[in-house]
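In: sequence and predicted structure below; questions after.
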Amino acid sequence: MNQTTDETPTMIKHSDPSIINDETKAYAINNVYQLFEKYYGDEYMIQRLQYHLINILPTTLDTEDKTHQEKIKRNDFLTSEQQIFIQVFLSKNRYYYLPNNNCFYEYTNNTFASVKEDHIQHKLLTNISKDGVLIQWKYKTKVNIIKQIKDRHLFKCVPEPETIQNVLNHLYPAGLFKTKTEAKYFLTVLGDNILKKNTDLIFFIKPSVKKILTELENIIYITSGFTNPTFNFMTKYHESYSFDKCRIINMNDTIQVDIWKNILKNIGLDLLCVAVHYSNRYDDSESYIHNKVDDEEIKKYTLYFKNNNQQVILDNFCNTCIQKVDATGMGFASSINWKNMHYLWKNYISGCSLPNMIYSNHLKTLLKEKYQYDEAGDSYLNVISKYTPYVSDFIHFWDTSIQVLPLDKFENDFEIDELCSLFKKWIQTCDSGSYLSSKTGNISENDVVKIIHHFYPSIEIVDHKYVLNISCNLWDKTGEVDNYLKMFKKHYAEVSLKKGTNESLISFDEVYDFYCEKVKENDSRCVNKRFFEKYLFYNFTSYIKYEKFISLDWLCS
């Protein structure tokens with residue numbers, strides 16, 4: 001019992017609580033025993049040891065136990081309060097996060113918007129301060145909430161019905177789509193692309209809406225960081241595409257790009273979130289079009305390539321546009337040359353709102369297999385088409401009545417509707433129309449544009465309305481305008497002499513009003529104001545003042 005030790009006592013650690021209790025007790029008793037051994041024979045230290053064990057240690061342990069229990073109770077209380085605060089805060093403040101661009105978003109008043117993390121933290125700390133209870137845990141709570149927000153992916157949010165309806169209202173019927181079903185299909189496709197579903201599908205769109213989709217891509221990149229979300233939207237068919245993987249999206253091309261751009265500024269992020277929501281809701285666009293769409297016409301059009309092969313499409317064209325005949329003794333040509341046949345094909349697929357899925361050389365070969373072909377005349381024999389008479393008539397009208405002007409002369413132009421009117425006059429006064437022609441001369445402006453583009457590709461058409469650098473022997477526009485301007489000079493001199501006016505300038509409006517009045521009196525055709533003013537600028541440049549007036553010196557020219 002005289003042996004003492006200077007070793008520092010160490011705590012025994014063990015994973016089994018029952019063993020810990022027994023070993024801890026033995027360890028503590030051993031330490032007390034060692035203390036008695038250490039001070040053996042020292043009456044003072046033995047008395048102090050007994051005093052601490054009997055009087056000080058129990059009181060100290062009671063105090064520490066009470067403090068510990070209060071701390072546990074306080075922590076439990078603050079933990080509970082923190083959970084309630086977080087639950088209420090995240091319920092009232094619908095914040096979300098996108099990991100791909102490390103950006104936060106807020107969904108409020110049925111609208112999604114990007115928000116800075118500093119804004120969230122400021123609002124969060126302000127609410128904690130107002131609450132008061134969690135002041136001690138302010139930053140701990142902030143870190144906890146930011147972490148939870150980062151776990152709330154923006155694309156897991158389910159938009160409210162008001163948000164969805166607002167997006168759809170901008171897409172149809174006055175927007176990009178005629179029906180709600182087509183709008184929802186487009187959104188589902190877009191959502192699939194964002195979520196990387198069905199990436200092997202190809203979606204055909206009209207070339208005229210490509211700019212609209214470009215604006216959509218821009219707003220999606222700005223708001224979410226996702227690039228090229230319409231990567232599989234195509235305007236032209238390629239032979240590498242499998243018909244089974246091709247779909248068609250019918251989009252209006254009448255909406256102006258600037259208007260669409262302004263719309264996207266307001267609903268771009270909402271549109272993206274609704275698109276992803278639809279993709280999640282319907283699984284994907286394929287499931288939507290096959291299982292959720294009841295409109296058979298929409299389904300048939302969308303899945304046209306999937307349900308029809310190249311030969312079936314060609315047969316549909318032939319059955320619709322071409323008729324075989326026995327031309328013996330019929331007294332008229334029963335053949336269609338290749339250029340007209342190609343036009344019929346392009347007009348057919350255009351009328352069906354289909355992309356051109358057969359290259360011209362291959363189309364020509366396929367048609368040779370169906371119809372007798374004359375190499376010398378580059379024509380298909382013993383066939384006719386009810387769609388070719390007005391085409392042939394218009395070509396004849398063009399070749400006999402229209403002259404292409406050199407570029408160094410006044411840029412004479414005709415509006416498409418003027419050409420339609422002149423064609424009608426021409427066909428009603430001549431005997432050169434084809435045998436099936438109704439002789440009414442009625443032709444649409446759209447058909448005229450198609451014919452000119454196909455048969456006269458060098459002719460320039462601006463804004464789908466003005467045909468440039470041509471003249472027509474049925475209407476000498478510049479000659480007539482020049483004659484009326486001479487009449488105006490005489491008229492103005494007479495009026496000025498009678499009234500004694502001292503005006504130094506003549507407005508374009510005054511000259512044009514005089515022209516229109518005289519044309520009406522003579523029951524003649526009237527050029528539009530754009531053409532009239534262009535003619536003035538070209539011929540009387542030196543007399544033009546302030547862009548809209550003519551100097552009186554012109555009267556003496």
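Out: Thanks, I have the structure now.
In: burial count for residue 98?
Out: If you count neighbours by other Cβ atoms under 10 Å, residue 98 ends up with 18. C-beta here means a position set from N, CA and C on the backbone, and glycine is covered the same way.
In: for it, give its distance to residue 318.
Out: Computed as Cβ to Cβ, to the nearest Å, the residue 98 to residue 318 distance reads 52 Å.
In: for this structure, what's the longest helix?
Out: Ranked by residue count and defined by DSSP state H, the top helix of the chain is helix 57-92.
In: show me what that one is packed against.
Out: Counting contacts by 3 or more Cβ pairs under 8 Å, 6 or more residues apart in numbering; DSSP states H and E, helix 57-92 is packed against helix 117-131, helix 138-150.
In: turn those into JSON lines, columns for distance to residue 42, mean neighbour count and mean pLDDT.
Out: Below are the helices and strands packed on helix 57-92 laid out as JSON lines (distance: least, Cβ to Cβ, whole Å; neighbours: other Cβ atoms under 10 Å; pLDDT from 0 to 100):
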{"stretch": "helix 117-131", "distance to residue 42": "57", "mean neighbour count": "14", "mean pLDDT": "84"}
{"stretch": "helix 138-150", "distance to residue 42": "50", "mean neighbour count": "15", "mean pLDDT": "87"}
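In: for the ones you listed, which one sits closest to residue 233?
Out: helix 138-150 (32.2 Å; Cβ to Cβ).
In: please state the offset of the helix or strand that that closest one is followed by from the chain centre?
Out: Once the chain leaves helix 138-150, the next helix or strand it forms, by DSSP states H and E, is helix 161-171. Helix 161-171 sits 15 Å away from the centroid of its parent chain (Cα atoms, centre = their mean, to the nearest Å).
In: mind listing what's buried in helix 161-171?
Out: If you call a residue buried by 16 or more other Cβ atoms under 10 Å, then helix 161-171 has these buried ones: 163, 164, 166, 167, 168, 170, 171.
In: contacts for it next, please.
Out: Residues outside helix 161-171 that contact it (Cβ atoms under 8 Å, 6 or more residues apart in numbering) are 110-112, 177, 180, 183-184, 186-187, 263, 267, 270-271, 273-274, 277.
In: return the closest of those with respect to residue 249.
Out: Distances from residue 249 to the contacts of helix 161-171, taken by Cβ to Cβ, are shortest for residue 186, at 5.7 Å.
In: please verify my assumption that the closest one contacts residue 251.
Out: Yes: using Cβ atoms under 8 Å, residue 186 is in contact with residue 251, at 7.3 Å.
In: what do those two both touch?
Out: What both residue 186 and residue 251 touch, as defined by Cβ under 8 Å, 6+ apart, is the set 176, 177.
In: in the sheet, who's paired with residue 507?
Out: Beta-bridge partners recorded for residue 507 (DSSP bridges): residue 549.
In: an error on my part: the question was meant for residue 107.
Out: Under the criterion used (DSSP bridges), residue 107 bridges to residue 112.
In: related to what we said a few turns ago, among the contacts of helix 161-171, which ones are buried?
Out: For the contacts of helix 161-171, buried by 16+ other Cβ under 10 Å: 111-112, 177, 183-184, 186-187, 263, 267, 270-271, 273-274, 277.
In: please convert those to JSON lines, extending it with pLDDT, distance to residue 300 and secondary structure.
Out: Formatted as JSON lines, these follow (pLDDT from 0 to 100; distance: Cβ to Cβ, whole Å; DSSP: H, G, I helix; E, B strand; the rest coil):
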{"residue": "111", "pLDDT": "96", "distance to residue 300": "36", "secondary structure": "strand"}
{"residue": "112", "pLDDT": "97", "distance to residue 300": "35", "secondary structure": "strand"}
{"residue": "177", "pLDDT": "94", "distance to residue 300": "17", "secondary structure": "coil"}
{"residue": "183", "pLDDT": "97", "distance to residue 300": "18", "secondary structure": "helix"}
{"residue": "184", "pLDDT": "97", "distance to residue 300": "17", "secondary structure": "helix"}
{"residue": "186", "pLDDT": "97", "distance to residue 300": "17", "secondary structure": "helix"}
{"residue": "187", "pLDDT": "98", "distance to residue 300": "21", "secondary structure": "helix"}
{"residue": "263", "pLDDT": "93", "distance to residue 300": "30", "secondary structure": "helix"}
{"residue": "267", "pLDDT": "95", "distance to residue 300": "30", "secondary structure": "helix"}
{"residue": "270", "pLDDT": "97", "distance to residue 300": "31", "secondary structure": "helix"}
{"residue": "271", "pLDDT": "97", "distance to residue 300": "27", "secondary structure": "helix"}
{"residue": "273", "pLDDT": "97", "distance to residue 300": "30", "secondary structure": "helix"}
{"residue": "274", "pLDDT": "98", "distance to residue 300": "26", "secondary structure": "helix"}
{"residue": "277", "pLDDT": "97", "distance to residue 300": "27", "secondary structure": "helix"}
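In: between those, which sits nearest residue 121?
Out: For the buried ones among the contacts of helix 161-171, the nearest to residue 121 is residue 112 (19.9 Å; Cβ to Cβ).
In: quick check: that closest one touching residue 270?
Out: Yes: Residue 112 is within contact range of residue 270, at 5.4 Å (criterion: Cβ under 8 Å).
In: overlap in contacts of these two?
Out: Shared contacts of residue 112 and residue 270 (Cβ under 8 Å, 6+ apart): 159, 163.
In: any weak-confidence spans in the stretch 351-500 of the chain?
Out: Scanning the stretch 351-500 of the chain for pLDDT under 70 picks out the ranges 431-439, 497-500.
In: which ones are touching residue 45?
Out: By Cβ under 8 Å, 6+ apart, residue 45 lies in contact with residue 39.
In: which element is it on?
Out: helix 43-51.
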